[in-house]
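Peer 1: Sequence first, then the predicted structure, then my questions.
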Amino acid sequence: MRNKQNSTMLIFLCCCIGLQSIAFAQTDSTKKAYKTENAIIVYAGGGGSFFTGKSGVPAGLNAEVENVHLIGSLRVIWHPGHLLHIGLETGSLRFYSYTIDNNGKKGTTQVDATPIFFVLSMPVNERIEVFAGTGNYFMQTKLDYQGQVKSNVRSIGWMVAASYRQPLGEHLGIGAETKWMNSTGTKDALLSLQIQLAWKFKLKK
Amino acid sequence: MKQNLVLLLLLIVLFAACRKTPEVTITKQKWDLFENSNAVPLVATTRTAMEGVYTINAGADVFGEQLVLKWSYAIENNDTVYKLSAFGAKDVDYFLMDGKRLGDSILLSGNWRKLTQTQTGSVQLTISYSNGGRQLFSPSPIIQKDSIIARGVFGYEADAPTIPFSITYLRHLNSTPFEVLAHRAGGRTSDLLPYSENSLGMIRFASRLGATGVEIDMRYTSDGEIVLYHDNTLNLRLIQKNGLLGPIENYSYEQLNTYVKLLDGQRIPTLREALNTVVYETPLRFVWLDTKIDQPLDKVRALQQEFLQKAAAIGRQLQIVIGLPTEEAFNRLKQLQNYTTIPSLCELSPEQVREVNSRVWAPRFTLGLQTEEVEKMKAEGRRSFVWTLDEPQYVEQFVRDGKFDGILSNYASIVAYYHYAQ
């Protein structure tokens, strides 16, 4: 399972390295074009996620694991007139859930998270942008087995993402984003694919 | 430059993701002589006479200059199983061996481990009739310097043991009364011991590491069961992954019992199970109940009383004390009836020790040797334990220069070494 997770991450990182290489292969004029921009862009996305970590169900019990879930993201990025942009991201996601049957006693467990990240981003070209962020996952376990429990814990983690954006006008764009999210403290990770809307708010220079 | 930095960052992330988790694998080596059907267990007089401080002749470069050999027992599957432990100072190494008599010789077979590393290996030793067997088999052995020589071989990891190893009896063990107290029931899970911390398996194993007592951590479940668990939250340092997160106090005992397994696969034990194990399955003589609970202590007190009575009923000299690490715990003890008669261990000031009439004062080691205060406690009939000492040079210093009656450590074997070799 760990090998599978590492392989997925390796492929993802290779893609990011590739995109990053393309980014630095841009001409000076392209860089200049991005450097002149001074705006705030709000990204809102939603889609599906696939849990790539080890779900970890209790040993010795029959469990049905659900690895595919919905995911939503909200990101605000300031483009300060440099290639490197900074911002914040949050969202809502479910890493995984499972049900058990312990001699007729059924139980469900859901592992949810709300990330809050400091994010750096960089345009690759006019349409493609890469993101990397680190911060905390505010994790929540919802257990329903012989009583209900909601229990929270904070876990450090990170994410990397790449998005493609098609302009719909001067201030609006639509696109798709693939994102790898990793909660280091709880060893949870997922890969998501989201449809994304982006609004640009130009700032005065 | 910027491109290189980004690439370097990505490579670091990649490296971190692929880092291997350290593991300790103990491989039992087959030794035909030891498995011989004529080989029989050693009798008590032989076992006791073998205990002592030994000089390492061959193998000193790996294991240091001396070893302390001490037998211990535990009840495993209703059988009393004796093992010979050897404790060394270099890299906090310890050996765990079985012993048998075959003809006129004693055979010792087992494994060694360096606790500050992940290095392990096997060991096979023989004490021939002329090198100590004769004395050890006599009904009243008289053991002196050089009267026992054990010769054999050791090996690394899963390799067959081929490297010469020999030890010679130097002197008796130091018999001064002293408690070797094992933290978290024996040691930390992170030190990759054979059992998880605060588990029943670890309680049984503690005496193999030289412990005469254990410190265990108590927490309440949401339905009022007292269980053993150290950390504030369920986390992957201690338990197998199961999706349950947050404080253990949020979950009922049945939920924990169904869902949670410690890293070695054991369940989180209740305090009742832990005390039952101490009383009926180990030679441990001291239990320090570390209070990590924010509720009244009457359930803890009831269990303490019950198991003190059970221990007394079978002739066990066992002490169980309620630890008072904080003002809150101190005040909760004072809420109990006749609190000055309740065996307790106070980590606070000497005045507070006297106020609740604690049997033991337990200051942290960073406060120093505090010889004068320790002597005062002795004069009042109290004992003083110091916690939590893990660095070998500090353990040596506190054993050599201090007046404490016991040391709490994550490495009980190093405390045992310095105490018994003194």
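Peer 2: Nice, thanks for sending it over. Numbers count the residues shown, from 1 in each chain, chains lettered A, B, ... in the order given.

Peer 1: so which strand or helix has the residue of the stretch 101-250 of chain B found nearest chain A?
Peer 2: Distances between the stretch 101-250 of chain B and chain A by CB to the nearest CB are smallest at residue B:241, namely 2.7 Å. In short, each C-beta sits where N, CA and C put it, glycine included. Using DSSP states H and E, residue B:241 sits within no helix or strand.

Peer 1: tell me the contacts of it?
Peer 2: Listed by CB atoms under 8 Å, 6 or more residues apart in numbering or on different chains, the contact set of residue B:241 reads A:54, A:55, A:56, A:186, A:187.

Peer 1: Likewise for residue B:139?
Peer 2: Residue B:139 neighbours (CB under 8 Å, 6+ apart): residue B:45.

Peer 1: Pop out the phi and psi values for it.
Peer 2: Residue B:139 adopts backbone torsions of phi -60, psi -30, taken as degrees, to the nearest 10.

Peer 1: where's it relative to residue B:50, distance?
Peer 2: Distance, residue B:139 to residue B:50, by CB to CB, to the nearest Å: 15 Å.

Peer 1: likewise residue B:107?
Peer 2: 12 Å.

Peer 1: so what's in contact with those two at the same time?
Peer 2: residue B:99.

Peer 1: list the contacts for residue 96?
Peer 2: In the absence of a named chain, chain A is used. A:51, A:53, A:55, A:65, A:66, A:67, A:69, A:111, A:188, B:243.

Peer 1: that's the wrong chain, I meant chain B
Peer 2: B:83, B:84, B:85, B:110, B:111, B:112, B:113, B:208.

Peer 1: Compare those residues and tell me which has the most neighbours.
Peer 2: Counting neighbours by other CB atoms under 10 Å in any protein chain shown, residue B:112 leads these with 26 neighbours.

Peer 1: just checking, next helix/strand downstream of the host helix or strand of it?
Peer 2: Element membership of residue B:112 [criterion: DSSP H and E] is strand B:105-114. Next along the chain after strand B:105-114, taking DSSP H and E as the criterion, comes strand B:120-127.

Peer 1: Could I get the full set of helices for the chain?
Peer 2: If you meant another chain, say so; for now it's chain A. A:2-24, A:28-35 (DSSP state H).

Peer 1: wrong one, I was asking about chain B
Peer 2: B:2-18, B:32-35, B:44-50, B:60-63, B:134-137, B:200-206, B:253-259, B:271-281, B:298-313, B:327-334, B:350-355, B:371-379, B:392-401, B:412-421.

Peer 1: With mean pLDDT, mean neighbour count and distance to chain A added, can I get those helices in JSON lines?
Peer 2: Output for these, formatted as JSON lines (pLDDT from 0 to 100; neighbours: other CB atoms under 10 Å in any protein chain shown; distance: least, CB to the nearest CB, whole Å):
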{"stretch": "helix B:2-18", "mean pLDDT": "58", "mean neighbour count": "13", "distance to chain A": "5"}
{"stretch": "helix B:32-35", "mean pLDDT": "95", "mean neighbour count": "12", "distance to chain A": "33"}
{"stretch": "helix B:44-50", "mean pLDDT": "96", "mean neighbour count": "17", "distance to chain A": "38"}
{"stretch": "helix B:60-63", "mean pLDDT": "97", "mean neighbour count": "17", "distance to chain A": "33"}
{"stretch": "helix B:134-137", "mean pLDDT": "95", "mean neighbour count": "18", "distance to chain A": "45"}
{"stretch": "helix B:200-206", "mean pLDDT": "97", "mean neighbour count": "26", "distance to chain A": "16"}
{"stretch": "helix B:253-259", "mean pLDDT": "97", "mean neighbour count": "20", "distance to chain A": "5"}
{"stretch": "helix B:271-281", "mean pLDDT": "98", "mean neighbour count": "20", "distance to chain A": "19"}
{"stretch": "helix B:298-313", "mean pLDDT": "98", "mean neighbour count": "16", "distance to chain A": "20"}
{"stretch": "helix B:327-334", "mean pLDDT": "97", "mean neighbour count": "17", "distance to chain A": "23"}
{"stretch": "helix B:350-355", "mean pLDDT": "98", "mean neighbour count": "17", "distance to chain A": "34"}
{"stretch": "helix B:371-379", "mean pLDDT": "97", "mean neighbour count": "15", "distance to chain A": "40"}
{"stretch": "helix B:392-401", "mean pLDDT": "96", "mean neighbour count": "16", "distance to chain A": "31"}
{"stretch": "helix B:412-421", "mean pLDDT": "98", "mean neighbour count": "27", "distance to chain A": "29"}
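
Peer 1: If you check chain A against chain B, which residue is the closest one?
Peer 2: For chain A, CB to the nearest CB, closest residue to chain B: residue A:56, 2.7 Å.

Peer 1: shouldn't that residue be in contact with residue B:240?
Peer 2: Yes: the pair residue A:56 / residue B:240 is scored as a contact, 6.4 Å apart, by CB atoms under 8 Å.

Peer 1: which of the two has more neighbours?
Peer 2: residue A:56 (24 against 18).

Peer 1: quick one, what contacts the more buried one?
Peer 2: B:240, B:241, B:242, B:243.

Peer 1: ok, 6 Å please
Peer 2: When the contact criterion is CB atoms under 6 Å, 6 or more residues apart in numbering or on different chains, the partners of residue A:56 are B:241, B:242.

Peer 1: And it, how close does it get to residue A:62?
Peer 2: Residue A:56 is 15 Å from residue A:62, by CB to CB.

Peer 1: Repeat that for residue B:316.
Peer 2: 42 Å.

Peer 1: same deal with residue A:93?
Peer 2: From residue A:93 over to residue A:62 (counting by CB to CB), the distance is 26 Å.

Peer 1: Looking at those two, which one has more neighbours?
Peer 2: Using other CB under 10 Å, the more surrounded residue of residue A:93 and residue A:62 is residue A:93, with 23 against 11.

Peer 1: In this model residue B:324 seems to touch residue B:346, though I could be wrong.
Peer 2: Yes: with contacts counted by CB atoms under 6 Å, residue B:346 reaches residue B:324, the gap being 4.6 Å.

Peer 1: all strands in the stretch 51-200 of chain B, in order from the N-terminus.
Peer 2: Here the stretch 51-200 of chain B has its strands, by DSSP state E, counting those that start in this stretch, at B:52-58, B:66-76, B:79-87, B:93-102, B:105-114, B:120-127, B:149-156, B:163-171, B:179-182.
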